[in-house]
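S.K.: My questions concern the predicted model and sequence given below.
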Amino acid sequence: MNSIRFALLLAVVAAPLYCQFLKPSANGRYLIREKDGKPFLWIGDTAWFASVKATPREWADYLDHRKRQGFTVVQLSAGRVPADWKGVMPFDAAGKPNDAYWNRIAAMAKAANRRGIV
(Lines give C-alpha, C1' and ligand atoms only; values in the text may rest on other atoms or scores of the structure.)
Protein backbone atom coordinates (compact mmCIF):
# COMPACT_ATOMS: atom_id res chain seq x y z
CA MET A 1 0.00 0.00 0.00
CA ASN A 2 2.77 2.45 0.87
CA SER A 3 4.48 1.76 -2.44
CA ILE A 4 1.26 2.62 -4.30
CA ARG A 5 0.95 5.89 -2.39
CA PHE A 6 4.57 6.69 -3.09
CA ALA A 7 4.16 5.97 -6.81
CA LEU A 8 1.07 8.17 -7.03
CA LEU A 9 2.74 10.96 -5.11
CA LEU A 10 5.86 10.67 -7.25
CA ALA A 11 3.79 10.81 -10.43
CA VAL A 12 2.22 14.10 -9.35
CA VAL A 13 5.20 15.73 -7.63
CA ALA A 14 7.88 14.75 -10.16
CA ALA A 15 6.20 16.55 -13.04
CA PRO A 16 4.25 19.47 -11.59
CA LEU A 17 4.20 21.38 -14.88
CA TYR A 18 2.61 18.49 -16.71
CA CYS A 19 0.26 17.15 -14.04
CA GLN A 20 -1.41 20.36 -12.97
CA PHE A 21 -4.83 18.87 -13.45
CA LEU A 22 -4.18 15.87 -11.16
CA LYS A 23 -3.64 15.54 -7.44
CA PRO A 24 -3.70 12.76 -4.82
CA SER A 25 -7.08 11.93 -3.30
CA ALA A 26 -7.72 12.89 0.34
CA ASN A 27 -6.79 9.36 1.47
CA GLY A 28 -3.73 9.25 -0.83
CA ARG A 29 -4.85 6.02 -2.52
CA TYR A 30 -5.53 7.31 -6.03
CA LEU A 31 -5.34 10.37 -8.26
CA ILE A 32 -8.23 12.75 -8.83
CA ARG A 33 -8.86 15.46 -11.38
CA GLU A 34 -8.51 18.92 -9.85
CA LYS A 35 -11.37 20.45 -11.82
CA ASP A 36 -14.09 18.11 -10.57
CA GLY A 37 -12.55 15.77 -7.96
CA LYS A 38 -13.37 12.66 -10.00
CA PRO A 39 -10.94 9.72 -9.94
CA PHE A 40 -8.37 9.67 -12.73
CA LEU A 41 -8.12 6.32 -14.49
CA TRP A 42 -4.50 5.67 -15.43
CA ILE A 43 -4.53 3.95 -18.83
CA GLY A 44 -0.96 4.21 -20.02
CA ASP A 45 1.19 3.50 -23.00
CA THR A 46 4.95 3.65 -23.36
CA ALA A 47 6.66 5.39 -26.23
CA TRP A 48 10.19 4.90 -24.99
CA PHE A 49 12.07 6.33 -27.94
CA ALA A 50 9.57 8.91 -29.15
CA SER A 51 11.80 11.56 -27.59
CA VAL A 52 14.53 10.75 -30.10
CA LYS A 53 12.74 9.23 -33.07
CA ALA A 54 9.43 11.06 -33.46
CA THR A 55 9.18 14.24 -35.49
CA PRO A 56 6.68 16.81 -34.20
CA ARG A 57 4.11 15.64 -36.80
CA GLU A 58 4.62 11.97 -35.85
CA TRP A 59 4.27 12.84 -32.15
CA ALA A 60 1.02 14.73 -32.79
CA ASP A 61 -0.35 11.81 -34.84
CA TYR A 62 0.65 9.34 -32.11
CA LEU A 63 -1.02 11.43 -29.39
CA ASP A 64 -4.20 11.88 -31.44
CA HIS A 65 -4.34 8.13 -32.03
CA ARG A 66 -3.81 7.30 -28.35
CA LYS A 67 -6.43 9.89 -27.33
CA ARG A 68 -8.98 8.24 -29.65
CA GLN A 69 -8.09 4.88 -28.06
CA GLY A 70 -8.79 6.23 -24.57
CA PHE A 71 -5.25 6.43 -23.20
CA THR A 72 -4.76 8.93 -20.38
CA VAL A 73 -1.01 8.56 -19.77
CA VAL A 74 2.02 8.26 -22.04
CA GLN A 75 5.51 7.75 -20.74
CA LEU A 76 8.73 8.06 -22.65
CA SER A 77 12.44 7.90 -22.01
CA ALA A 78 14.50 11.07 -22.06
CA GLY A 79 18.07 11.91 -21.19
CA ARG A 80 19.53 8.41 -21.16
CA VAL A 81 19.00 7.98 -24.85
CA PRO A 82 20.98 8.87 -27.99
CA ALA A 83 20.64 12.11 -29.91
CA ASP A 84 17.19 13.02 -31.17
CA TRP A 85 16.11 12.87 -34.83
CA LYS A 86 17.88 16.20 -35.46
CA GLY A 87 21.11 15.00 -33.83
CA VAL A 88 20.59 17.05 -30.65
CA MET A 89 22.08 15.41 -27.56
CA PRO A 90 20.48 15.68 -24.09
CA PHE A 91 23.79 16.77 -22.49
CA ASP A 92 26.97 18.39 -23.73
CA ALA A 93 30.45 16.86 -23.29
CA ALA A 94 30.73 18.40 -19.81
CA GLY A 95 27.41 16.90 -18.71
CA LYS A 96 25.49 20.18 -18.85
CA PRO A 97 21.85 19.86 -19.99
CA ASN A 98 21.25 20.92 -23.58
CA ASP A 99 18.34 23.39 -23.51
CA ALA A 100 17.30 22.62 -27.09
CA TYR A 101 16.82 18.93 -26.24
CA TRP A 102 14.95 19.54 -22.98
CA ASN A 103 12.76 22.28 -24.46
CA ARG A 104 11.68 19.75 -27.09
CA ILE A 105 10.80 17.24 -24.35
CA ALA A 106 8.78 19.94 -22.55
CA ALA A 107 6.95 20.74 -25.80
CA MET A 108 6.14 17.04 -26.22
CA ALA A 109 4.67 16.88 -22.71
CA LYS A 110 2.62 20.03 -23.30
CA ALA A 111 1.30 18.59 -26.58
CA ALA A 112 0.13 15.52 -24.65
CA ASN A 113 -1.46 17.71 -21.96
CA ARG A 114 -3.43 19.68 -24.55
CA ARG A 115 -5.08 16.36 -25.41
CA GLY A 116 -5.78 15.52 -21.76
CA ILE A 117 -2.92 13.03 -21.61
CA VAL A 118 -0.38 13.11 -18.78
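M.R.: Everything's here; your move. Just so we're clear, the structure is a prediction, and the values are computed from it rather than from any experiment.
S.K.: What is the neighbour count of the closest residue to Tyr30 other than its chain neighbours?
M.R.: With sequence-adjacent residues excluded and distances taken as CB to CB, 6 or more residues apart in numbering, Tyr30 is closest to Pro39, at 5.6 Å. Placement of C-beta: from N, CA and C, glycine included. Look at Pro39: counted by other CB atoms under 10 Å, it has 11 neighbours.
S.K.: One more: Asp84?
M.R.: 22.
S.K.: hang on, it is in a helix, isn't it?
M.R.: No. Counting by DSSP: H, G, I helix; E, B strand; the rest coil, Asp84 is not part of a helix but coil.
S.K.: residues in contact with it?
M.R.: By CB atoms under 8 Å, 6 or more residues apart in numbering, the contact set of Asp84 is Ser51, Val52, Lys53, Tyr101, Arg104.
S.K.: what do you get for Asp45?
M.R.: With the criterion set at CB under 8 Å, 6+ apart, Asp45 makes contact with Arg66, Phe71, Val73, Val74, Gln75.
S.K.: sorry, back to before: model confidence score at the residue nearest to Tyr30, please.
M.R.: Pro39 is assigned a predicted lDDT (pLDDT) of 92.
S.K.: That one bridge partners, please.
M.R.: With DSSP bridges applied, Pro39 shows beta-bridge pairing to Ile32.
S.K.: Look at the residue nearest to Lys38 when sequence neighbours are not counted and say how many residues are nearby.
M.R.: The shortest distance from Lys38 to any non-neighbouring residue, by CB to CB, 6+ apart, is to Ile32 (6.4 Å). Neighbours of Ile32 under the rule other CB under 10 Å: 16.
S.K.: wait, isn't Ile32 in contact with Trp42?
M.R.: No. Applying CB atoms under 8 Å as the test, Ile32 and Trp42 come out as separate, 11.8 Å apart.
S.K.: Remind me what the helix ranked longest in the chain packs against, helices and strands.
M.R.: Of all segments of type helix in the chain, defined using DSSP state H, the longest is helix 99-114. Secondary-structure packing of helix 99-114 (3 or more CB pairs under 8 Å, 6 or more residues apart in numbering; DSSP states H and E): helix 50-53, helix 56-69.
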